[in-house]
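Colleague: Only the shape, not the letters, is given here:
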């Protein structure tokens with residue numbers, strides 16, 4: 001599983017503590033998660049993390065972003081990117097995702113919504129532009 005983080009905005013968005021509800025992004029009534037909760041879940045769950053827009057941060061800021069990502073998910077491979085450009089081979093068919101290990105690790109996380117809330121993504125309503133299939 002891969003995720004992309006926005007290097008210039010990641011730390012600020014985590015520190016802001018803004019609610020998903022305030023942004024109109026609540027998944028269900030009573031969803032009291034924050035943007036930070038969602039970002040942290042994505043980083044913790046991924047096995048490949050693309051740190052994007054590295055050209056828009058100073059070397060010191062990039063070190064801080066990568067250190068945060070490493071702290072949240074020390075086992076993930078990080079790939080630096082500009083304009084989201086990443087060789088497809090770095091993302092596809094890597095064989096690095098292990099659902100059993102992920103579920104075991106996430107089971108002990110008190111803030112996780114990954115195991116406690118499963119709902120089809122809004123994207124599941126539309127077919128994949130490549131395969132024509134809908135996600136599950």
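Modeller: Okay, I see it. None of these values were measured; they are calculated from a predicted model.
Colleague: Every contact and neighbour count from this point should use C-alpha atoms.
Modeller: Fine.
Colleague: In this structure, where is pLDDT below threshold?
Modeller: Along the chain, the parts satisfying pLDDT under 70 run over 97-98, 101-136.
Colleague: Which element is encountered next along the chain beyond whichever helix in the chain runs longest?
Modeller: For the chain, the longest helix by residue count, based on DSSP state H, is helix 59-72. If you walk from helix 59-72 toward the C-terminus, the next helix or strand you reach (DSSP states H and E) is strand 77-80.
Colleague: Please tell me I have it right and residue 56 contacts residue 6.
Modeller: No - no contact is recorded between residue 56 and residue 6 when judged using C-alpha atoms under 8 Å, the distance being 9.8 Å.
Colleague: Check the offset of the longest helix of the chain from the chain's centre.
Modeller: Computed by C-alpha atoms, centre = their mean, to the nearest Å, the separation of helix 59-72 from the middle of its chain amounts to 15 Å.
Colleague: In that helix, which of the residues would be classed as buried?
Modeller: Residues of helix 59-72 classed as buried by neighbour count (16 or more other C-alpha atoms under 10 Å): 62, 65, 66, 68, 69, 70, 72.
Colleague: Now for the residue nearest to the spatial centre of the chain: which residues touch it?
Modeller: Within the chain, one residue has its C-alpha closest to the average C-alpha position: by C-alpha atoms, centre = their mean, that is residue 42, at 2.8 Å. Shown in contact with residue 42 (C-alpha atoms under 8 Å, 6 or more residues apart in numbering): residue 3.
Colleague: Now with 10 Å, please.
Modeller: The contact partners of residue 42, by C-alpha atoms under 10 Å, 6 or more residues apart in numbering, come to 1, 2, 3, 4, 5, 36, 49, 72, 73, 112, 114.
Colleague: among the buried residues of helix 59-72, which two are most distant?
Modeller: Greatest spacing in the buried residues of helix 59-72, by C-alpha to C-alpha: 62 and 72 (15.4 Å).
Colleague: where's the residue nearest to the centre of the chain, which helix or strand?
Modeller: Assigning secondary structure by DSSP H and E places residue 42 in helix 35-45.
Colleague: Great, nothing more from me.
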